[in-house]
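Colleague: Following is a predicted model, sequence given first.
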Amino acid sequence: MSKEKYIDDIREIREMMDKSSRFISLSGWSGVSAGIFALLGAYIGYRNIYVDPSYSAYDRIVLSSENWWTLLLIAITTLLLSIIFGIYFTTRKARQNNQPIWGSTSKRLVVNLMIPLIAGGILCLMLLMKGYIGLVAPMTLLFYGLSLVNASKYTLSEMKSLGILEIVLGLVAIQFIGYGLIFWTVGFGLLHIIYGIIMHFRYEK
Amino acid sequence: MKDLNKAFENKIRLGIMSSLVVNDSMNFNALKELLDVTDGNLASHLKTLESNEYISVKKEFLNRKPNTTYKITRLGKRAFVKHIKAIEQLLK
């Protein structure tokens, strides 16, 4: 047997291990729905904080303890709705692919997504409590991006590009603290919708 | 050289073993899609691995459709690792 055959075999082994350990049933629609909920959430949130939008370049916001809770409630509702619809669309696609929704590949994906995400979530709650409100939007983007990059090894590789975009957006947002909500809306709303549509046309057509 | 395993000389069998070593289990359709082979071709290679007791088979019904899942056995895992090590030796 020639050496080339075995080099080829090793390459085949690597490729199959890599390909088979990815969860490929993430639906593009879950990206689109998450994006729409983010846009709605951001809009409702905006109406709540900027009671009197003055159209000046830099709106100063003051959070009373009352709208602090409203804002948190909006954020949690948005997150829950995105997760519920994401699971719904993904279950549907997994059934089409005859892939288990809660198999080893999806478990690995979720675990690797959740570790940076939970760390970021806790950090953001701490920042909120200490009053560093301006840092929260950039931090959610940054940690969400890191989570996506981390999890992308276990699903379709486009997730990595989305993650990098979110990281860049988060870092830029730190430079423009007053515009957190705008960056947040672009990152969680627009990017999700664009990503979802791309994924839909690439893999679900 | 003697550690090289005849059962893993074939590309498809090599692919089956590689994916089962990193996944708890895989069903027939997932393997078929992954390896891009016909039903008959895949079934015959799975049979070979099964008769060597390198993989175990479980047949069940999922939403009233037959679903066959495959797992790597301890013997299979050992044989596969040995085979990879033999290739690495050979390539040194």
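Modeller: Okay, I see it. Numbering: from 1, shown residues only, chains lettered A, B, ... in the order given.
Colleague: which ones are touching residue 21?
Modeller: I'll assume chain A. A:104-105, A:108, A:154, B:19, B:22-23 (C-beta atoms under 8 Å, 6 or more residues apart in numbering or on different chains). Where you see a C-beta, it was placed from the backbone N, CA and C, and this is true even at glycine.
Colleague: could you do chain B instead?
Modeller: B:V21 touches A:17, B:72, B:77, B:80, counting by C-beta under 8 Å, 6+ apart.
Colleague: redo that, cut-off 6 Å
Modeller: B:72, B:80 (C-beta atoms under 6 Å, 6 or more residues apart in numbering or on different chains).
Colleague: now swap in A:I7 and tell me
Modeller: Counting by C-beta under 6 Å, 6+ apart, A:I7 has no contacts.
Colleague: one more time with 10 Å
Modeller: Residues near A:I7 by C-beta atoms under 10 Å, 6 or more residues apart in numbering or on different chains: B:87, B:90-91.
Colleague: for A:T77, same thing?
Modeller: A:37, A:40-41, A:44.
Colleague: 7 Å instead?
Modeller: Contacts for A:T77 (C-beta atoms under 7 Å, 6 or more residues apart in numbering or on different chains) come out as none.
Colleague: Quick check: buried residues in the helix or strand harbouring it?
Modeller: Taking DSSP states H and E as the criterion, A:T77 maps to helix A:65-97. By 16 or more other C-beta atoms under 10 Å in any protein chain shown, the buried positions in helix A:65-97 come out as A:67, A:71, A:74-75, A:78-79, A:81-82, A:85-86, A:89-90, A:93-94.
Colleague: need the strands for chain B, in chain order.
Modeller: Secondary structure of chain B (DSSP state E): strands at B:26-27, B:55-62, B:65-72.
Colleague: got the angle for the top helix by length along chain B vs strand B:55-62?
Modeller: Longest helix of chain B, by residue count under DSSP state H: helix B:74-91. Orientation check (axes from the mean of the first three to the mean of the last three C-alpha atoms, to 10 degrees): helix B:74-91 against strand B:55-62 gives 130 degrees.
Colleague: Local confidence estimate at the closest residue to A:G121 other than its chain neighbours?
Modeller: Closest residue to A:G121 apart from its sequence neighbours, by C-beta to C-beta, 6 or more residues apart in numbering or on different chains: A:F143 at 7.5 Å. pLDDT for A:F143: 97.
Colleague: I'd say A:F143 and A:G120 touch.
Modeller: Yes: applying C-beta atoms under 7 Å, one finds A:F143 in contact with A:G120, separated by 2.5 Å.
Colleague: What parts of chain B come near chain A?
Modeller: B:11, B:14-15, B:18-19, B:21-24, B:26-27, B:29-30, B:34, B:84, B:87, B:90-91 (C-beta under 7 Å from any C-beta of the partner chain).
Colleague: of the residues you listed, buried ones?
Modeller: Applying 16+ other C-beta under 10 Å to those flags B:11, B:14-15, B:18-19, B:21-23, B:26-27, B:29-30, B:34, B:84, B:87 as buried.
Colleague: Which of those fall within helices?
Modeller: Using DSSP H, those in helices are B:11, B:14-15, B:18-19, B:21-22, B:29-30, B:34, B:84, B:87.
Colleague: Now render the residues you listed as JSON lines, adding pLDDT.
Modeller: JSON lines is the format used below for those (pLDDT from 0 to 100):
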{"residue": "B:K11", "pLDDT": "91"}
{"residue": "B:L14", "pLDDT": "94"}
{"residue": "B:G15", "pLDDT": "95"}
{"residue": "B:S18", "pLDDT": "95"}
{"residue": "B:S19", "pLDDT": "94"}
{"residue": "B:V21", "pLDDT": "93"}
{"residue": "B:V22", "pLDDT": "88"}
{"residue": "B:N29", "pLDDT": "85"}
{"residue": "B:A30", "pLDDT": "84"}
{"residue": "B:L34", "pLDDT": "86"}
{"residue": "B:I84", "pLDDT": "92"}
{"residue": "B:I87", "pLDDT": "91"}
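Colleague: how about the residues you listed, which pair is most distant?
Modeller: B:N29 and B:I87 (29.3 Å; C-beta to C-beta).
Colleague: what's the neighbour count on A:K19?
Modeller: 16 (other C-beta atoms under 10 Å in any protein chain shown).
Colleague: Quick check, pLDDT for residue 43.
Modeller: Because you didn't say which chain, this covers chain A. For A:Y43, pLDDT reads 93.
Colleague: should've been chain B
Modeller: In this model, B:A43 carries a pLDDT of 96.
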